[in-house]
Structure formats: C-alpha cells, structure tokens
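Novice: my questions concern the predicted model and sequence given below.
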Amino acid sequence: MINKIVGNLTDAVSDFFDGAILMIGGFGDAGSPIELIHAVIDHGAKDLTVISNNAGSGHVGLAALIEHKRVKKIICSFPKTANSKVFPDLFFKGEIELELNPQGTLAERIRAGGAGIPAFYTPTSVNTPLAAGKEIRIINGKENVLEFALKADFTLVKCKSADRYGNLIYNKTARNFAPIMCMASKTTIVQTQKIVEPGGINPECVVTPGIFVSRVIEIPNPASETNLVLENKKYPW
C-alpha cells in the first residue's frame, strides 16, 4: 500500500547530505515551507546549493539556513528584498555565491529540468551582464542566449492538502514554483496543512500528482514568514 506520510520533521529530511542541490518553493511568504527548512538546519547538512525565487527574509526560513552558513551558493531571481538582511551581508563579504536569473528564465530552467529538456534558448538577458560567457544563437533573426536546465537532489514545498499517495493541491499563489520544482527533483518533501483520505481530493483538481512526491508531513498550523519577521524572530528560537 502506498503511504508517503512521515510522522516527524526529523524523518522527513533524514537523508539530506552535504553538498546537495536543494530547490525551495515559495514566492516571498507565499508557499514558503518554513518548518521543513528549519528541519534542514537542525539536520546539519552544509555546502548546499539552493534554487529559490529569493534569498529569504529576516532570520527565519531560508534566511536562517543561509545565516547558519549551510548554503554555499544560491540560484535565484530576487537576492535582495525589503526584509532581506542575511544574504546581502554574506554576499558582500564573499561568503556565499550568487547565480542571478531573470524570473521567467529561472522558472523555465526548472520546468525544463522536470521535463527532461537539457537546455533552451531565450532572448532574455541578451546584451546584459547575465549573458556574459554564454552561447548566443541567432533564431528568426534575433539573438538568443543558451540556458541550461536545473535539477535538484531535494525539493521542499508547502501545500494546502495532500493524501497518502502524495497528490497535492495548493492555496492560491502558494502554488508558484512548487509544481515544477516537484518535477525537477529526485526527492520531493512536502509539508501540508491537511492530510485527507484517498479520494478526498477531486482528481480534476490535483496540481502535483503523487508520482512526483516522495514524502508528506502534516503541519496543521504552519508558520508565517511575514509574521515571524515582524516579530523579529530568529531561528533557532
């Protein structure tokens, strides 16, 4: 019987290893798997390469993972946001590496990784520093930059509901990068607000099919990154 439910956060991230490539869902606060990220901090894995939309806020979640010197490189679109304090400080000290991607390019690199497409051409970033050193090809009379797909060892995402098979639905914009990240990862670990019985999710509404999910843990009252930042919280508590 397929049952992807795990009972605690420690077990959910038990096979993390140093040097892993990690995708983290979220668009700011929306869809950020705070509890799973904190579990990775507790686990102790280091030298991680993180692929995410941004570089975290305050001193919780992804920002806390970076602050604990567990991340050697981040691939993202928005390394500096209103409440981003940790990453800019470490970056300008030369203690973390940044690979900057336009948001659409980042999304397509992840999607391509999940779809088995090794690389693609895009006009985005032509004649900018982001195209430096990359292959340029003329297609239909326009310059295009070659971008390579992204894949990961692990993906962490947050969803609204899941069943024991790993079928997922999300809460509105919390969906963001999660579906494509689940497809582009060897091991996808999900924190869900509610676990429902098989059949409890209308098959027509499933966003991420269980075939792309490895583990599910129920977190009924997930933390809000925004609230934690406003309260000036710092992990570990």
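Specialist: Nice, thanks for sending it over.

Novice: in the protein, which spans are strands?
Specialist: 21-24, 48-51, 71-76, 97-100, 119-122, 136-139, 142-148, 152-162, 168-169, 185-195, 215-218 (DSSP state E).

Novice: in a markdown table: these, plus distance to V207, mean neighbour count and mean pLDDT.
Specialist: For the C-beta atoms, the positions are set from N, CA and C on the backbone; glycine is no exception. Shown next, in a markdown table, are the strands of the chain (distance: least, CB to CB, whole Å; neighbours: other CB atoms under 10 Å; pLDDT from 0 to 100):
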| stretch | distance to V207 | mean neighbour count | mean pLDDT |
| --- | --- | --- | --- |
| strand 21-24 | 16 | 26 | 98 |
| strand 48-51 | 20 | 24 | 98 |
| strand 71-76 | 23 | 20 | 98 |
| strand 97-100 | 28 | 14 | 98 |
| strand 119-122 | 23 | 15 | 98 |
| strand 136-139 | 32 | 10 | 98 |
| strand 142-148 | 25 | 16 | 98 |
| strand 152-162 | 8 | 25 | 98 |
| strand 168-169 | 5 | 24 | 98 |
| strand 185-195 | 12 | 21 | 98 |
| strand 215-218 | 14 | 21 | 98 |
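
Novice: buried stuff in the lengthiest helix in the chain?
Specialist: Looking across the chain with DSSP state H, the single longest helix is helix 103-115. With burial defined by 16 or more other CB atoms under 10 Å, the residues of helix 103-115 counted as buried are 105-114.

Novice: what angle separates it from strand 142-148?
Specialist: 50 degrees (axes from the mean of the first three to the mean of the last three CA atoms, to 10 degrees).

Novice: chain center to helix 103-115: distance?
Specialist: Mean-position distance between helix 103-115 and its chain equals 12 Å (CA atoms, centre = their mean, to the nearest Å).
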